[in-house]
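>>> pasted the sequence and its predicted model underneath.
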Amino acid sequence: MRNWLFIAMLLCICLAAGFNGIQGTNLPSHFPKPVYNFRKNPPDSNKIKLGRALFYDPILSKNDQISCASCHSPYNAFAHIDHKLSHGLNDQIGTRNAPPLFNLAWQKTFMWDGAIRHLDVQPLAPISHPAEMGETMAHLVEKLSDSKHYPKAFHKAFGDSIITGQRILRALSQFQLTLVSDHAKYDLVKQGKARFNLYEEKGYAIFLSKCNQCHTEPLFTNGDFENNGLKPDSVLRDDGRIKITLMPSDSLKFKVPSLRNVEFTFPYMHDGRYDNLQMVLFHYSNNIYPSKTLSAHLQKPMQMSEADKQNLVAFLKTLTDESFIRNQKNHFPKDFFGLQKK
Amino acid sequence: MLNAEQKKYHLVQLDSGAINLPLQTGNTQDADEIRFCIGVDSMQNADGAGEGDLDPANAMYWTWQSGYIDVKIEGRSSVISSQNHAFEFHLGGFASGVGTLQTCAFHLPAASGFDLVIDLQQFFTGIQPGISHITSPSPKAVEMATHFASCFQLRPK
């Protein structure tokens, strides 16, 4: 056997300059300040167009069969309806439920365990995961460079036709950042343009007293990690956040998901174990699995009558944003791929 | 006076022995010290995808979590008992407690030139015997990154 050795390293020979950026455009007035640094990647219509094409193009996967939209469907607020766990190359099944995509500029971390800390680098995970898209960035750069239409699209977006990993990732962010869901009935009520009905009103009161600590309005998540009392799945054996922080106090914790568009994002939980909202509410009222890291907010059983639960569901449905789900600007870009036909 | 380079990062690949690394630091004639970091600082790590040598397409970025891989040392050795006798050390991490960024500083000799050398014998004899894989941020990775940096030597030509 021949011994061999390969070393690669990144050397930095001086210090970085500081950078603080803010501001994007058209941000909802009742939302907090976004986390995403728009100054580094300012919104641009050609970059958004390119990002949208990439998002829907299966060229991103090893076998040219799986796109981002395969698991993030616009019809379900960019979640994957009916799939408990994500599906990938060659009928492989992943280990977690594909989350919906919207309001990403306000998200501090990505993935159920917060493994990813910047939107731009998030696509690296699904693109390169062997059970998802199984592709390398280097090969993707090659495939796009050899394609008929992408060099032109990159030229339009970036001023020259050079395709790099960074440009692919920034374009994907540009499109995903346009996925803002802020036109639910809840938003209209907050802006004084609509009123809750009696059931929704009662449900909102229950929500504020029992759910809002973690699913904090107006984003309906506080962005933190909690153990919400799910009995660990004996097959998946997923311990969540601890894998990233290596801290025992993070065992069994997962990111608090936003409840916006929750009507469309079933099945629920990181492993998709609950098919409907009734099952989720039963979990919180009757089914909490005790463990050392259980959320402080779930130590006492959550008391809810059946009427309470019905009202709460009525409120949760006011978080449905039909105009977001129907917005054709978010859907498959027929014109781009129409031109792509060879 | 400090002469810092305009270009911040160099991806250095040592699969075929020595390389020349051209530095753009301006006047170096009076320099009496060289300093460099091995790895990527936390600000750059938290700032998304870089370009050029920092482009994630260079495969020096973790895919399953955020952050650069500062150093990759891969190979095969008959003394390693893993599958195919392969070893794979991907050293990186920027969170507190698992940061692998290393800084080296050397006084420059009066002589006209120098080589930066990595003493691989020192590296391989100094690591835990039998260890074949480190592929995520951890205290083990920090330990190895620190040890790797200590294997750099400056030799006058």
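All right, it came through fine.
>>> and whichever strand or helix holds B:Ala141, what does it pack onto?
Per DSSP states H and E, B:Ala141 falls inside helix B:139-150. On a contact count with 3 or more CB pairs under 8 Å, 6 or more residues apart in numbering or on different chains; DSSP states H and E, helix B:139-150 meets strand B:33-38, strand B:69-76, strand B:86-92, strand B:102-107, helix B:120-126, strand B:133-134. Using the backbone N, CA and C atoms, a C-beta is placed for each residue, glycine as well.
>>> from the contact counts, what lies against the first one?
Counting contacts by 3+ CB pairs under 8 Å, 6+ apart, the secondary-structure elements packed against strand B:33-38 are strand A:4-12, strand B:102-107, helix B:139-150.
>>> for the record, mean pLDDT for the last one?
Mean pLDDT, helix B:139-150: 97.
>>> residue nearest the centroid of chain B?
Nearest to the geometric centre of chain B sits B:Ile38, at 4.0 Å (CA atoms, centre = their mean).
>>> what number of residues lie near the closest residue to it other than its chain neighbours?
Using CB to CB, 6 or more residues apart in numbering or on different chains and skipping the chain neighbours, the partner closest in space to B:Ile38 is B:Gln102 (4.4 Å). Here the number of neighbours of B:Gln102 (other CB atoms under 10 Å in any protein chain shown) works out to 21.
>>> what residues does the stretch 101-250 of chain A have near chain B?
Selection of the stretch 101-250 of chain A residues close to chain B by CB under 8 Å from any CB of the partner chain yields A:111, A:115-121, A:124-125, A:127-129, A:136-138, A:140-141, A:164-166, A:169-170, A:173, A:244-246.
>>> show me which of these are buried.
Neighbour-count burial (16 or more other CB atoms under 10 Å in any protein chain shown) applied to those gives A:111, A:115-121, A:124-125, A:127-129, A:136-137, A:140-141, A:164-166, A:169-170, A:173, A:244-245.
>>> which of these fall within helices?
A:124-125, A:127-128, A:137, A:140-141, A:165-166, A:169-170, A:173, A:244-245 (DSSP state H).
>>> which ones are touching A:Gln176?
A:51, A:55, A:101, A:104, A:119 (CB atoms under 8 Å, 6 or more residues apart in numbering or on different chains).
>>> which one of those residues sits closest to A:Arg260?
Taking CB to CB as the measure, A:Arg260 sits nearest to A:Leu101 out of the contacts of A:Gln176, at 11.1 Å.
>>> what is the burial count for that closest one?
Other residues within reach of A:Leu101, judged by other CB under 10 Å, total 24.
>>> which residues in chain A form helices?
A:45-56, A:68-71, A:124-128, A:137-146, A:150-158, A:165-177, A:185-190, A:198-210, A:242-245, A:277-286, A:306-316, A:322-326, A:334-340.
>>> contacts made by the fourth one with the rest, please.
Identification of contacts with helix A:137-146 by CB under 8 Å, 6+ apart yields A:59-60, A:62, A:124, A:127-128, A:150-151, A:154, A:163-165, A:168, B:55-59.
>>> let's see 10 Å
A:54, A:57, A:59-62, A:64, A:123-124, A:127-128, A:133, A:135-136, A:150-151, A:153-154, A:161-169, B:49, B:55-59, B:61, B:63 (CB atoms under 10 Å, 6 or more residues apart in numbering or on different chains).
>>> and the angle from that helix to helix A:165-177?
Counting by axes from the mean of the first three to the mean of the last three CA atoms, to 10 degrees, helix A:137-146 lies at 80 degrees to helix A:165-177.
>>> possible to save the contacts of A:Gln176 as a markdown table with pLDDT?
Supplementary listing: the contacts of A:Gln176 in a markdown table, determined by pLDDT from 0 to 100:
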| residue | pLDDT |
| --- | --- |
| A:Gly51 | 98 |
| A:Phe55 | 98 |
| A:Leu101 | 98 |
| A:Leu104 | 97 |
| A:Leu119 | 97 |
